[in-house]
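Chemist: please work out how this folds:
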Amino acid sequence: MERHLMDRVSVGAAVVAFMIGVYWFATLLNPDIVGPILATYEWLVAISLGAGYAGAFIVSLLGNATVLVPFPYVGVPFILGGARDPTTHVFLFDPTIVGIVAGAGALIGEMTGYVAGYLGGGLVNQEKRSRFRELAADHPWATPFLLWFLAATPIPDDVLVVPLGASRYDWWKVAIPQFVGKTMFLAAIAWAGRFGLDWVDTLVASTGSGGVLGTTMETLGLLLVVFIVYMMLRNDHRN
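Modeler: Purely as a prediction, here's the structure:
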């Protein structure tokens, strides 16, 4: 049954990749088509400027509450970090505060994975739960470090957080390194926006209206997302 499920996942990934290829040809033939990445960027800009710090909190929470599905929530801290007043050109938000607020939202969102693992522990096989319990007991500093490392990088945390919940690992031992790592990561993203948002806006303006370069970059980005999700599902199936 599990083999049949993975076969269906493989077919689904191939179908999505084919549809992305069709989209690439369609946008070359009709440059007025608004691509999903450009549409998502414009949506993130609207949320960022409209909701400010609250937007960073809410979007980070929602982005981290999606288990094993990439969501571009980091776009909001990036945009807020470099957002300027259109008249005075003064920066509107403090990148460090953006990182703290977004980090708090990301932590709450990520802990939904812990709760899901805790409440649905029976769905994780006993061997895997025992393996994580032994890891935490034999290497008491390794697990917090891994949690911090995953939180401080774009690598999905769910591959560790969900099994730790299923293993009944103390929630606060998950929350503390996650909050520190998420805050560091998102503050760095916000500071990157302080120095790089103007360049991104220029790039979007130059490639967003079509053309081979802009369409190809967007298509490659979509295919990369599909590949990452597929590999994560396949590796999780093997483990």
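
Chemist: Phe145 and Glu134: what is the separation?
Modeler: Counting by CB to CB, to the nearest Å, the gap between Phe145 and Glu134 amounts to 17 Å. The C-beta positions use only the backbone N, C-alpha and C, and glycine is treated the same way.

Chemist: whoops, Ile97 was the one
Modeler: In this structure, Ile97 and Glu134 are separated by 40 Å, where distance is defined by CB to CB.

Chemist: tell me which of those two has more neighbours.
Modeler: The residue with more neighbours, out of Ile97 and Glu134 and counting by other CB atoms under 10 Å, is Ile97; that gives 14 against 11.

Chemist: please identify which helix or strand holds the more buried one.
Modeler: Secondary structure assignment for Ile97, by DSSP states H and E: helix 95-119.

Chemist: that helix - contacts with which helices or strands?
Modeler: Counting contacts by 3 or more CB pairs under 8 Å, 6 or more residues apart in numbering; DSSP states H and E, the secondary-structure elements packed against helix 95-119 are helix 53-64, helix 75-82, helix 158-166, helix 171-207.

Chemist: least confident secondary structure element in the chain?
Modeler: Ranked by mean pLDDT, DSSP states H and E, the weakest helix or strand in the chain is helix 212-238, scoring a mean of 58.

Chemist: show me where this protein dips below the pLDDT cut-off.
Modeler: Residues of the chain that meet the criterion pLDDT under 70 lie in 1-13, 15-17, 19-41, 66-71, 121-133, 203-239.

Chemist: what angle do the helix holding Ile97 and helix 158-166 make?
Modeler: 50 degrees (axes from the mean of the first three to the mean of the last three CA atoms, to 10 degrees).

Chemist: can you list the neighbours in contact with stretch 186-195?
Modeler: Taking CB atoms under 8 Å, 6 or more residues apart in numbering as the criterion, the residues outside stretch 186-195 that touch it are 56, 60, 74, 77-83, 91, 93, 95-96, 98-100, 102-103, 106.
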